[in-house]
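Colleague: Predicted model and sequence below, questions to follow.
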Amino acid sequence: MTPGDLTRYDPDRDTLASLLDGEPAYRIGQLWDGLYRQGRPLEDVTGLPGALRERLAADLPTALTATAEQRTDDGATTKWLWRLHDGAAVETVLMHYPDRTTVCVSTQAGCAMACGFCATGQAGFERHLTVGEIVEQVVRAQWAAGDRRVSNVVFMGMGEPLANFEATWGALQRLHGDIGIGARHLTVSTVGLVPGIRRLADADLPVGLAVSLHAADDALRDELVPINRRYPLAELVEACDEYRRRTRRRLSIEWALIDGVNDRYEDADRLARIARGLAAHVNLIPLNPTPGYPVVGSSRNRVHAFRDRLAAAGVAVTIRDTRGRDIDAACGQLRAGHAVTVAGPVRNAPRTGARTGDADVPVGPDP
Ligand code: SAH
């Protein structure tokens, strides 16, 4: 990347310092502290001479232009659609909870992992994001959050973070070291890229790891999460175990419950064996509707029965509070305005055939 392509949050501290040539040495401290620790827009980093701010604003443009902003959940959830300098588009979601404020960031425009039930996967891969494009999503969400400090960042937006390892790692370091978000409050979600999990285990920042499992036998996982053909379950579980031992962080397993596909008791029992072996926490996500996947989420009863079956087997399990469904901001619904072939929801499941159940009722958080 040439300096001319750098956006405001791309340069590391040394690179930014080199762009301040001719200025007193303390300027970089003021600038860095203002942009990151205080999380202010450049224009509001007072203390810097106006001419310098103007020059920096011209040399280092922001990366994200908001093309849509939608709010739901009584204002507690906001989704942005951003356009990048080359026309690529990504989305970011800000979620306020009573005890925390979480930003869900994208790491790629599109995604190459091709999970059929995920809207991002349905749209295909466009390109990797840079460190600055990832970090700016958090910064911009912080501007919108005002007095409510962003406390948590989850790498669960568009894209596969570990397929864009360098930028993901650079962003994690910036969020941790410069913005000041603790490693415990940073979570990377992966479809199961084993080499990336091992690299992350080697790194010296014990961030949370969430693994999008969705199936606990290779035949079904090959179908739902195609990368499983390259990194089958046994290898994935081993890498997760290594991650857990090296970082001492608890793993979470994500499981989107799909009607008639992965919501049977035998699925729960297989999952329980894996989760217990890894001492992992299981997050159940009733499948959110996406345009390109003609199967619906498990019924509320089924979700609860699945949860109870896991709990009875000694697994720590919660049903994820689904945020932003009505604005397509929920898990698996981010697709940045791409047109996707629409297939109407039917109750036929690809593998096991239709099963009748009650209506597709959104399931709230556990009491
Ligand atoms: N590529 C990474 C990061 C994306 S996280 C990963 O897969 O983990 C997005 C989460 O939403 C993943 O757990 C994904 O499996 C899940 N998901 C995808 N489509 C979904 C859908 N339609 N309903 C519910 N969850 C979905």
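Modeller: Nice, thanks for sending it over.
Colleague: In this protein, what residue lies closest to the ligand?
Modeller: G332 (1.9 Å; C-beta to the nearest ligand atom). Using the backbone N, CA and C atoms, a C-beta is placed for each residue, glycine as well.
Colleague: Tell me who's in contact with that residue.
Modeller: Counting by C-beta atoms under 8 Å, 6 or more residues apart in numbering, G332 touches 117-120, 256, 285, 287-288, 290.
Colleague: residues touching the residue nearest the centre of the chain, list them.
Modeller: For the chain, M156 is the residue whose C-alpha lies nearest the centre (C-alpha atoms, centre = their mean; 1.1 Å). The contact partners of M156, taken as C-beta under 8 Å, 6+ apart, are 104-105, 187, 189, 210, 331.
Colleague: ok, now G208?
Modeller: With C-beta under 8 Å, 6+ apart, G208 has these contacts: 184, 186-188, 249-250, 252.
Colleague: out of these, who has the most neighbours?
Modeller: Highest neighbour count within these, by other C-beta atoms under 10 Å: V188, with 24 neighbours.
Colleague: any idea how far that one lies from G314?
Modeller: Here the criterion is C-beta to C-beta, to the nearest Å. By it, V188 lies 26 Å from G314.
Colleague: again, but for W169
Modeller: Noted for W169: a distance of 34 Å to G314, by C-beta to C-beta.
Colleague: swap in L186?
Modeller: 28 Å.
Colleague: Repeat that for F117.
Modeller: According to C-beta to C-beta, F117 stands 28 Å off from G314.
Colleague: out of W169 and G314, which sits in the busier spot?
Modeller: Taking neighbours as other C-beta under 10 Å, W169 and G314 compare with W169 leading, 20 against 10.
Colleague: Per-residue pLDDT of the closest residue to that one other than its chain neighbours, please?
Modeller: Once flanking residues are discounted, W169 sits nearest to A203: 6.5 Å by C-beta to C-beta, 6 or more residues apart in numbering. Predicted confidence (pLDDT) for A203: 94.
Colleague: which parts of the one helix or strand A66 maps to are buried?
Modeller: When elements are assigned from DSSP states H and E, A66 belongs to strand 65-72. Going by neighbour count (16 or more other C-beta atoms under 10 Å), the buried part of strand 65-72 is 70, 72.
Colleague: re earlier: reformat the contacts of M156 as JSON lines; add pLDDT and secondary structure.
Modeller: Formatted as JSON lines, those follow (pLDDT from 0 to 100; DSSP: H, G, I helix; E, B strand; the rest coil):
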{"residue": "C104", "pLDDT": "98", "secondary structure": "strand"}
{"residue": "V105", "pLDDT": "98", "secondary structure": "coil"}
{"residue": "T187", "pLDDT": "98", "secondary structure": "strand"}
{"residue": "S189", "pLDDT": "98", "secondary structure": "strand"}
{"residue": "A210", "pLDDT": "98", "secondary structure": "strand"}
{"residue": "C331", "pLDDT": "91", "secondary structure": "coil"}
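Colleague: Now the buried members of the residues you listed.
Modeller: The neighbour count (16+ other C-beta under 10 Å) marks 104-105, 187, 189, 210, 331 as buried among the contacts of M156.
Colleague: ok, of the residues you listed, which one's closest to A279?
Modeller: Taking C-beta to C-beta as the measure, A279 sits nearest to A210 out of those, at 14.4 Å.
Colleague: the domain parsing of the protein - what is it?
Modeller: Using automatic domain parsing, the domain ranges for the chain come out as 3-59, 65-327.
Colleague: So what's the residue count around P41?
Modeller: A count of nearby residues for P41, using other C-beta under 10 Å, gives 14.
Colleague: Look at it and report its pLDDT.
Modeller: Note on P41: pLDDT of 96.
Colleague: Now it. Nearest residue, chain neighbours left out?
Modeller: P41 sits nearest to W143 (C-beta to C-beta, 6+ apart), 6.5 Å away.
Colleague: CA atoms only for the helix or strand hosting that neighbour - export them in PDB, please.
Modeller: Counting by DSSP H and E, the element that carries W143 is helix 131-145. Listed next in PDB are the C-alpha coordinates belonging to helix 131-145 (Å, rounded to 0.1, in the frame of the first residue of the first chain):
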ATOM      1  CA  VAL A 131      -6.500  -2.700   9.700                       C
ATOM      2  CA  GLY A 132      -7.800   0.800   9.400                       C
ATOM      3  CA  GLU A 133     -11.100  -0.200   7.900                       C
ATOM      4  CA  ILE A 134     -11.700  -2.600  10.700                       C
ATOM      5  CA  VAL A 135     -10.600  -0.300  13.500                       C
ATOM      6  CA  GLU A 136     -12.600   2.600  12.100                       C
ATOM      7  CA  GLN A 137     -15.800   0.600  12.400                       C
ATOM      8  CA  VAL A 138     -15.300   0.600  16.200                       C
ATOM      9  CA  VAL A 139     -14.300   4.200  16.300                       C
ATOM     10  CA  ARG A 140     -17.300   5.300  14.300                       C
ATOM     11  CA  ALA A 141     -19.600   3.200  16.500                       C
ATOM     12  CA  GLN A 142     -18.000   4.800  19.500                       C
ATOM     13  CA  TRP A 143     -18.800   8.300  18.100                       C
ATOM     14  CA  ALA A 144     -22.400   7.300  17.800                       C
ATOM     15  CA  ALA A 145     -22.500   5.600  21.300                       C
END
